[in-house]
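In: The following block contains a protein sequence and its predicted model.
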Amino acid sequence: MSETNPPGPFKPPTSKSEQKRSSTRSSTYWAANLKVVGILLTIWFLVAFVGSIFSIEWLNQFRFGTIGFGFWLAQQGSIFVFVLLVLIYALWMDRIDRQYDVGE
């Protein structure tokens, strides 16, 4: 039987240099992905825990409408920030996918 490539856009690397280049590109792609995830999780932690739990009394001195900002951040603001972080992650990873030519 002759060796055939699987159907679809995937073509396995044929030489050692292509395998090494593919491996290096893959590792730098995942390093960029982990950097994005780390930054966004840090922001999430700061808003959800530091802002909404540990600093709530200090933040309540500022008003958001008729309630304290710390209370608002704990009840509504952290949800808005989380949804915003999901959107930022999708856009940022789309840019990284195009940069490393990993897009669909």
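Out: Now that the structure is in, tell me what you want to look at.
In: so after the helix or strand containing Gly38, what's the next helix or strand?
Out: Element membership for Gly38, per DSSP states H and E: helix 16-45. Next helix or strand after helix 16-45 toward the C-terminus (DSSP H and E): helix 56-59.
In: buried set for that following helix?
Out: Ile56, Leu59 (16 or more other Cβ atoms under 10 Å). Any C-beta I mention is one placed from the backbone N, CA and C, and that applies to glycine too.
In: wait, doesn't Gly77 sit right on Val47?
Out: Yes - counting by Cβ atoms under 8 Å, Gly77 touches Val47, with 7.3 Å between them.
In: re the thing from before, now the helix holding Gly38: average pLDDT?
Out: Helix 16-45 shows an average pLDDT of 82 in the prediction.
In: likewise stretch 55-74?
Out: Averaged over stretch 55-74, pLDDT sits at 90.
In: what about that stretch, how long is it end to end?
Out: Start and end residues of stretch 55-74 are separated by 10 Å (Cα to Cα, to the nearest Å).
In: got a list of contacts for whichever strand or helix holds Phe80?
Out: Assigned by DSSP H and E, Phe80 belongs to helix 78-99. The contact list for helix 78-99, computed with Cβ atoms under 8 Å, 6 or more residues apart in numbering, reads 29, 32-33, 36-37, 40, 43-44, 47-48, 51-52, 102-103.
In: Next, report how far that helix is displaced from the centre of its chain.
Out: 6 Å (Cα atoms, centre = their mean, to the nearest Å).
In: Next: stretch 70-80.
Out: On Cα atoms, centre = their mean, the centre of stretch 70-80 falls 21 Å from the chain's centre.
In: cool, and stretch 28-47?
Out: Centroid separation for stretch 28-47 versus its chain: 5 Å, with Cα atoms, centre = their mean.
In: sorry, back to before: give me the buried subset of the contacts of helix 78-99.
Out: Among those, the ones that count as buried by 16+ other Cβ under 10 Å are Tyr29, Ala32, Asn33, Leu40, Val47, Ala48, Gly51, Ser52.
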